[in-house]
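Participant: I would like to see how this sequence folds:
(2 chains)
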Amino acid sequence: MSQLLELTAAQAASRIAAGELTAEEYLATYADAAAGDDLNAYLWNRGPDDEGQAATGGNGETPIRGVPVAIKDLFCTEGVPTTAGSRILEGYRPPYTATAVRRLDAAGAQLLGKTNMDEFGMGSSNENSGYGAVRNPWDAKRVPGGSSGGSAAAVAGRLAPCAIGTDTGGSIRQPASLCGIVGLKPTYGAISRYGMIAFASSLDQCGTLTRDVTDAALLLGAMEGRDPCDSTSVGIEGGVERPTREDLSGLSFGVPRELSAEAEGIEAGVAAAFERALGTIRELGGEVDECELPNCAHGLSAYYVIAPAEASANLARYDGVRFGLRSDGDGDLVDMYERTRDLGFGAEVKRRIMLGTYALSSGYYDAYYGRAQRVRTRIVEDFAGAFERFDFLVTPTSPTVAFELGARTADPLAMYLSDYCTVPMSLAGIPAISIPAGLAEPDGGGPELPVGLQIAAPAFAESPLLAAAYAIERGIGFEALPAGVVGA
Amino acid sequence: MIDREQVLHVARLARLALSNEEIERMSGELPAILEHVERMNELDLDGVEPTSHVVALENVLRADEPRPSWDRDRVLEGAPDPSDGAFRVPSPQA
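Facilitator: Numbers count the residues shown, from 1 in each chain, chains lettered A, B, ... in the order given. So this is what the prediction gives:
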């Protein structure tokens, strides 16, 4: 049975379609694996005794029929606990299901479980979960990244064949990088945000965490599309092509200096693995040249105004009235709001609400929020200029490999720097994918850990992006696995 | 730059009853984060239009047709204190 855990989602689905494997057996295998979760990756899973209903959704052949999917706990699932990693939503069972999850169901995929995450998506290590940190399957003393850390750890630790997550400033790409898997953040608007609990609405985007690029393409293909319930959703015109490209001839790759060699806090091992990946791109026939995104060095500054500002507005709804936690005292209504929010939110969420409220408050709006929105314009222009010259841009996904639990919890700024290379693409709304580029030791020594290569493309160029990523994935040939997982 | 008094003011705006310990910590952390954020001031942004949204969409409309909404009881199921088909809250002036 355990050999089933070695299959990619695409491989398993084709066996199921050919009648060589039943969806029930495949689901039972993963339900068992998820029930034995020793990484704290799941907040809820269907359990080994739940026979489930295999492939209930829709009819006909789809490339993911029968595939169990782990869902980040930021997605509403009707009747199934949904916490967003926050104590303020403990016990909440939504009355409806997010469009992205509905579409997976309609394509015949199965809900395997809900994964742990940084509270409301705010964090880069999963240590901000209200339900305990997630462990990295490569080294249990280290973080899996965040905020989609449970989804990344589940896929890397073979507790799920594939997963979905959300990315606001790097929350899919960075944990994928730290866990040695593939993480795709599509173009803003590619997938509906309906039923995805809001953090920063102009940045939040649903995406995939998978073993390989092909699985990313299949899940994206099932989820993308316009949704009348999210007026900012537009879908991907022409759908998503299954990637088959084997070389990179005729394609050009820009290397933005600000987000690679000069990136703040980049480790020597990460820089070396990135250089090797550039070598692979050249060997495959791709043209590689340096470029500049001069305003992207200010990406983090703009992001840490815009995202908290939007969050402070979005999180106003947690007031103890309609759902979730309430802390009553003897006081009045405002007293109830204040006590509920103080009790229900964790430290990082409070910090961001404070930051965002301050940035939007009278007298500071122009200096912070207004300015950050203008920097965002500059960053959009930087990318537009670079894509006139290059088909893709490549950077390391994270400046460092997975760091130890607790290493950055005392210093919020050090934690924020984890997203240095991923935030600019979020601000510009463009698609970007992280694929494993190899292994490297952290600065100061330690075990060899995964390094991610980030590839970014113009808006809605998901099919060409996945095709190039597929060729590079094959060229790199990353086969390392965490010790202890099946097949390692 | 933000000081202790402003931390208290902002916490009030955000409806957060912070403990003394939290107020002390925020009074140290928020200025450090804002100092990093203020690096934006190095850029000349005169005449640059703000970006609030990256997808060029305007006035996404649909036909104004009535359709059933969720059942009231179902919506109230998740409420901490439902009462007579409504959300009950403490008095605004207890």
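
Participant: just for the chain, where's the confidence low?
Facilitator: You didn't pick a chain, so chain A it is. Applying pLDDT under 70 to chain A flags residues A:1, A:49-59.

Participant: Please refer instead to chain B.
Facilitator: B:94.

Participant: any idea how far the most centrally placed residue in chain A is from chain B?
Facilitator: The residue lying closest to the centre of chain A (CA atoms, centre = their mean) is A:I172, at 1.5 Å. A:I172 is 17 Å from chain B, where distance means CB to the nearest CB, to the nearest Å. C-beta coordinates here come from the backbone N, C-alpha and C atoms, glycine included.

Participant: What of A:R102?
Facilitator: Using CB to the nearest CB, A:R102 is found at 16 Å from chain B.

Participant: And A:A163, by the same measure?
Facilitator: 25 Å.

Participant: Next: A:I476.
Facilitator: According to CB to the nearest CB, A:I476 stands 30 Å off from chain B.

Participant: now swap in A:G108 and tell me
Facilitator: According to CB to the nearest CB, A:G108 stands 27 Å off from chain B.

Participant: How many residues are close by that residue?
Facilitator: By other CB atoms under 10 Å in any protein chain shown, the residues close to A:G108 number 25.

Participant: Report how many residues lie close to the closest residue to it other than its chain neighbours.
Facilitator: Nearest residue to A:G108 in three dimensions, chain neighbours excluded: A:R65, at 3.3 Å (CB to CB, 6 or more residues apart in numbering or on different chains). For A:R65, the tally of surrounding residues (other CB under 10 Å) stands at 23.

Participant: Also A:V486?
Facilitator: Residues contacting A:V486 under the criterion other CB under 10 Å number 14.

Participant: Please apply the same query to A:A311.
Facilitator: Using other CB under 10 Å, A:A311 has 25 neighbouring residues.

Participant: following the helix or strand where it lies, which helix or strand comes up?
Facilitator: Using DSSP states H and E, A:A311 sits in helix A:299-314. Using DSSP H and E, the helix or strand that follows helix A:299-314 in sequence is helix A:333-344.

Participant: got the buried residues for that next one?
Facilitator: Residues of helix A:333-344 classed as buried: A:333-342, A:344 (neighbour count, 16 or more other CB atoms under 10 Å in any protein chain shown).

Participant: quick one: contacts for residue 87?
Facilitator: This is for chain A. Counting by CB atoms under 8 Å, 6 or more residues apart in numbering or on different chains, A:R87 touches A:130, A:325, A:343-346.

Participant: think we crossed wires, I meant chain B
Facilitator: Applying CB under 8 Å, 6+ apart to B:F87 gives the contacts A:321-322, B:76, B:79, B:81.

Participant: now do A:A461
Facilitator: With contact taken as CB under 8 Å, 6+ apart, A:A461 is in contact with A:187, A:431.

Participant: rerun at 6 Å
Facilitator: Applying CB atoms under 6 Å, 6 or more residues apart in numbering or on different chains, one finds that A:A461 lies in contact with no residue.

Participant: separation between it and A:I435?
Facilitator: According to CB to CB, to the nearest Å, A:A461 and A:I435 sit 16 Å apart.

Participant: how does chain A divide into domains?
Facilitator: Following the assignment in automatic domain parsing, chain A carries domains at A:2-255+A:388-476, A:297-371.

Participant: Most tightly packed of those?
Facilitator: domain A:2-255+A:388-476 (a mean of 23; mean count of other CB atoms under 10 Å in any protein chain shown).

Participant: And the strands in the stretch 301-450 of chain A, which stretches?
Facilitator: Using DSSP state E, counting those that start in this stretch, the strands of the stretch 301-450 of chain A run over A:392-396, A:432-440, A:449-456.

Participant: Next, the angle strand A:432-440 makes with the first one.
Facilitator: Going back to what we said before, that points to strand A:392-396. 40 degrees (axes from the mean of the first three to the mean of the last three CA atoms, to 10 degrees).

Participant: In terms of secondary structure, what does strand A:392-396 contact?
Facilitator: strand A:252-256, strand A:449-456 (3 or more CB pairs under 6 Å, 6 or more residues apart in numbering or on different chains; DSSP states H and E).

Participant: wait, does the longest one contact chain B?
Facilitator: No. Contact between strand A:449-456 and chain B, assessed by CB under 6 Å from any CB of the partner chain, is absent, since the two come no nearer than 13.8 Å.

Participant: List the buried residues in stretch B:66-79.
Facilitator: Residues B:75-76, B:78-79 are the ones in stretch B:66-79 that count as buried (16+ other CB under 10 Å).

Participant: could you dump it to CSV, C-alpha only?
Facilitator: What follows is stretch B:66-79, C-alpha atoms only, in CSV (Å, rounded to 0.1, in the frame of the first residue of the first chain):
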residue,chain,number,x,y,z
PRO,B,66,-33.8,38.1,-6.7
ARG,B,67,-32.6,34.7,-5.5
PRO,B,68,-32.9,32.8,-2.3
SER,B,69,-30.4,33.6,0.4
TRP,B,70,-29.2,31.3,3.2
ASP,B,71,-31.6,30.0,5.8
ARG,B,72,-31.6,32.2,8.9
ASP,B,73,-31.2,29.3,11.3
ARG,B,74,-28.2,28.1,9.4
VAL,B,75,-26.5,31.4,9.6
LEU,B,76,-27.3,31.8,13.3
GLU,B,77,-25.8,28.3,14.1
GLY,B,78,-22.3,29.8,14.3
ALA,B,79,-23.3,32.8,16.5
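
Participant: residues making contact with that stretch?
Facilitator: A:92, A:95, A:322-323, B:82, B:85, B:87.

Participant: residues in chain B within reach of chain A, list them.
Facilitator: When proximity is defined as CB under 6 Å from any CB, chain B approaches chain A at B:10, B:13-17, B:26, B:29, B:36-37, B:39-40, B:45, B:48-51, B:53-55, B:60, B:70, B:74, B:78-80, B:87, B:89-90, B:92-94.

Participant: ok so, going back, with distance to A:G385 added, can I get the strands of the stretch 301-450 of chain A in TSV?
Facilitator: What follows is those, written out as TSV (distance: least, CB to CB, whole Å):
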stretch	distance to A:G385
strand A:392-396	11
strand A:432-440	17
strand A:449-456	14
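
Participant: do you know which of these lies nearest A:F120?
Facilitator: strand A:432-440 (21.9 Å; CB to CB).

Participant: ok, the closest one: who's next to it in the sheet?
Facilitator: Sheet pairing for strand A:432-440, assigned by DSSP bridges, gives strand A:182-185 (antiparallel), strand A:449-456 (antiparallel).

Participant: So A:L259 sits against A:P396, correct?
Facilitator: No. Applying CB atoms under 6 Å, one finds A:L259 not in contact with A:P396, separated by 7.9 Å.

Participant: hey, what's in contact with both of these two?
Facilitator: With CB under 6 Å, 6+ apart, A:L259 and A:P396 have common neighbours A:C421.

Participant: Just give the nearest non-adjacent residue to the spatially most central residue of chain B, would you?
Facilitator: The residue lying closest to the centre of chain B (CA atoms, centre = their mean) is B:A14, at 7.2 Å. Once flanking residues are discounted, B:A14 sits nearest to A:T357: 4.3 Å by CB to CB, 6+ apart.

Participant: Flag every residue of the stretch 101-250 of chain A that's near chain B.
Facilitator: Along the stretch 101-250 of chain A, the residues adjacent to chain B under the rule CB under 6 Å from any CB are A:188-189, A:202, A:231-232.

Participant: all helices for the chain, in order.
Facilitator: Reading this off chain A. Applying DSSP state H to chain A gives helices spanning A:9-17, A:23-35, A:99-106, A:149-156, A:173-179, A:213-223, A:268-283, A:299-314, A:333-344, A:347-360, A:371-389, A:412-416, A:423-428, A:462-476.

Participant: sorry, should have said chain B
Facilitator: B:4-13, B:20-37, B:72-76.

Participant: which stretch among those comes nearest A:R135?
Facilitator: Here helix B:20-37 is closest among these (CB to CB), at 26.4 Å.

Participant: circling back to that earlier point, if we check chain B, which of the buried residues of helix A:333-344 are in contact?
Facilitator: Applying CB under 6 Å from any CB to the buried residues of helix A:333-344, one finds that A:333, A:336-339, A:341-342 fall near chain B.

Participant: No further questions, thank you.
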